[in-house]
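A.B. asks: sharing a sequence plus its predicted fold:
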Amino acid sequence: MLTPRGVTLCVAGIVMWFIAKIVGSPGLEVAGIGLAAVPFLASVTIRSGKPKQIAVRRRLSETRVAPGTRMRVGLEVENLATSPAPMLLLEDALPSPLGRPARLVLTDLRGRGSREVSYSLLPQARGVYRIGPLTIDACDAFGVARRRMRLDASEELVVTPEVEDLSTPPDTSSGRGIGAARARQLLRSGDDYYTMRAYQEGDDLRRIHWPSVAKTGQLMIRQDETTRRAQGLVFIDNRDTALGREHTPSFERAVSAAASVGILLLRAGFSIRLATSENGALTFSGDGFLDALAGVASTRIPSLSASLTALRAASAADTSLVLVGAPPASQELPSLVRSAAGFGPRLAILIHPADPASAPPSRREQLQARATHATLTLARGGWDCIVLSPTTRLADRWHRPLDRPLASSA
């Protein structure tokens, strides 16, 4: 096929030939015919080649990255033919959150030779993306004709949510013991279920449980690999009527908060499960947990009734429950409290669907009243509550003193 430059050249040759006919200039007529023939001759040359004997392998420097991490995409282009390849224009398709398609030019690809070109990406938005397909345009030296080939192979890139470190305060002005106390409250079931056995030769001395040694006078080993391991369940209310659509500030803040607390549970030795408004609880490893959160999207489910029924079925005394979502409506709170009564420690991270600081006064009062009512109701049911705006980081509130809504209301 002809490029825009080739079409222009062809039209110019025809116009020149037509003018030569009018003025009776044989030399100009020959020049016009030659000018119009150049794009077609180039097209024949391109088609007589063998662009399908071009093989491309795509390599990602990392298949799983955090937002804001620069990564590299390498394309190894191999010429399987014995003759040199024409100039190649490569265009690698990218999802819109990753930017515009990457365009690269490759020349001097000898027969049976290979070259590698690369480009970089700086993902900013959480998600699971497919990089590809790749389009190859074989062009002549003048750029007037090209032949296109498409390679459908693609690679998956996972951009995980932002994970905040909840183990240390963000600055020295924060109370160092506050965040640790909240973590102990959430993770206390991890110390409730383990077994002890007598020391055997060859055991790791670091596993000696010294309080038991002081009581019994015998060396005792803490056995962590128990049949009853403490669990953590992270539930995200991903309804669009609650947090809005994915990639909005409130929705992404909720996913980031869920990832941060889930990683805290995993590092404490918990097995982690993830549930959403439309999916039941599924068990994940560390990487699998972040991968699942990377693909979480909003849903149009209007009610939490089915989700709360599944939540009650998954309750256990050795399971810590973490609820992440917008402040529930008043009619949903009694069902939520009843469904979560069978869990151990319960933490609610409530995120305003809009920033009260920038909302009109009437909207600000509505948001604050709904969050206050939800916090009071959940606190009466034994929950620990953290309220965030879409722009507030969880680590900033995690290390602040615990709110006492019941005391303030009294």
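C.D. replies: Happy to help now that I have it.

A.B. asks: going forward, measure contacts and count neighbours with C-alpha atoms only.
C.D. replies: Fine.

A.B. asks: which residue, other than its chain neighbours, is closest to Gln124?
C.D. replies: Closest residue in space to Gln124, ignoring its immediate chain neighbours: Pro67 at 4.7 Å, by C-alpha to C-alpha, 6 or more residues apart in numbering.

A.B. asks: the one you found and Val159, how far apart?
C.D. replies: If you measure Pro67 against Val159 using C-alpha to C-alpha, to the nearest Å, the figure is 6 Å.

A.B. asks: with Thr248 instead?
C.D. replies: 16 Å.

A.B. asks: which one's more surrounded, these two?
C.D. replies: Taking Thr248 and Val159 together and counting by other C-alpha atoms under 10 Å, Val159 has the greater number of neighbours (25 against 13).

A.B. asks: mind listing what Leu323 touches?
C.D. replies: Going by C-alpha atoms under 8 Å, 6 or more residues apart in numbering, Leu323 touches Val234, Phe235, Ile236, Asp237, Arg346, Leu347, Ala348, Ile349, Leu350.

A.B. asks: quick one, helices of the stretch 251-400 of the chain?
C.D. replies: Taking DSSP state H, counting those that start in this stretch as the test, the helices found in the stretch 251-400 of the chain are 286-294, 305-313, 333-339, 361-380, 394-398.

A.B. asks: can you redo these as CSV with distance to Ile221 and mean pLDDT?
C.D. replies: Formatted as CSV, the entries for the helices of the stretch 251-400 of the chain read as follows, by distance: least, C-alpha to C-alpha, whole Å; pLDDT from 0 to 100:
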stretch, distance to Ile221, mean pLDDT
helix 286-294, 27, 92
helix 305-313, 34, 91
helix 333-339, 37, 94
helix 361-380, 38, 94
helix 394-398, 33, 89
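
A.B. asks: just put those in TSV and tack on distance to Thr8 and mean neighbour count.
C.D. replies: Shown next, in TSV, are the helices of the stretch 251-400 of the chain (distance: least, C-alpha to C-alpha, whole Å; neighbours: other C-alpha atoms under 10 Å):
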stretch	distance to Thr8	mean neighbour count
helix 286-294	48	19
helix 305-313	63	17
helix 333-339	69	16
helix 361-380	59	17
helix 394-398	59	20
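
A.B. asks: so which of the ones you listed comes closest to Ala81?
C.D. replies: helix 286-294 (40.8 Å; C-alpha to C-alpha).

A.B. asks: convert the closest one to CSV, retaining C-alpha atoms only.
C.D. replies: The C-alpha coordinates for helix 286-294 follow below in CSV (Å, rounded to 0.1, in the frame of the first residue of the first chain):
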residue,chain,number,x,y,z
GLY,A,286,1.1,-12.4,48.9
ASP,A,287,1.6,-11.8,45.1
GLY,A,288,-1.8,-13.4,44.3
PHE,A,289,-3.5,-11.0,46.8
LEU,A,290,-2.0,-7.9,45.1
ASP,A,291,-2.7,-9.3,41.7
ALA,A,292,-6.4,-9.8,42.6
LEU,A,293,-6.6,-6.3,44.0
ALA,A,294,-5.0,-5.0,40.8
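
A.B. asks: before we move on, back to that, ok, of the contacts of Leu323, which one's closest to Thr216?
C.D. replies: After measuring the contacts of Leu323 against Thr216 - C-alpha to C-alpha - the closest member comes out as Arg346, at 34.4 Å.

A.B. asks: shared neighbours, Pro67 and Val159?
C.D. replies: Pro123, Ala125, Arg126.

A.B. asks: most neighbours among the residues you listed, please name it.
C.D. replies: In terms of neighbours by other C-alpha under 10 Å, these top out with Arg126 at 26 neighbours.

A.B. asks: wait, that one sits on Leu157?
C.D. replies: No: contact status for Arg126 versus Leu157: not in contact, 10.4 Å apart, counting by C-alpha atoms under 8 Å.

A.B. asks: find me the pLDDT at Met220, would you?
C.D. replies: You'll see Met220 listed with a pLDDT of 81.

A.B. asks: roughly how far does the nearest residue to it once chain neighbours are set aside sit from Asp204?
C.D. replies: By the measure of C-alpha to C-alpha, 6+ apart, the closest residue to Met220 outside its immediate chain neighbours is Ala198, 4.7 Å from it. Using C-alpha to C-alpha, Ala198 is found at 12 Å from Asp204.

A.B. asks: any regions of the stretch 1-150 of the chain where pLDDT drops low?
C.D. replies: Using pLDDT under 70 as the threshold, the predicted model of the stretch 1-150 of the chain has low-confidence ranges 1-3, 42-43, 45-52, 140-143.

A.B. asks: all strands for it, in order.
C.D. replies: Shown for the stretch 1-150 of the chain, the strands assigned by DSSP state E, counting those that start in this stretch span residues 54-60, 64-65, 71-79, 87-92, 102-106, 114-121, 127-131, 134-139, 146-151.

A.B. asks: tell me how far the lengthiest helix in the chain is from the chain's mean position?
C.D. replies: Taking DSSP state H as the assignment, the helix of the chain that covers the most residues is helix 26-48. From the chain centre to the centre of helix 26-48 is a distance of 52 Å (C-alpha atoms, centre = their mean, to the nearest Å).

A.B. asks: do the same with stretch 290-307
C.D. replies: With C-alpha atoms, centre = their mean as the basis, the distance from the averaged C-alpha position of stretch 290-307 to the chain average is 15 Å.

A.B. asks: can you list the neighbours in contact with it?
C.D. replies: For stretch 290-307, contacts defined as C-alpha under 8 Å, 6+ apart pick out 126-128, 158-161, 238-241, 244-246, 255, 259, 276-280, 332, 335.
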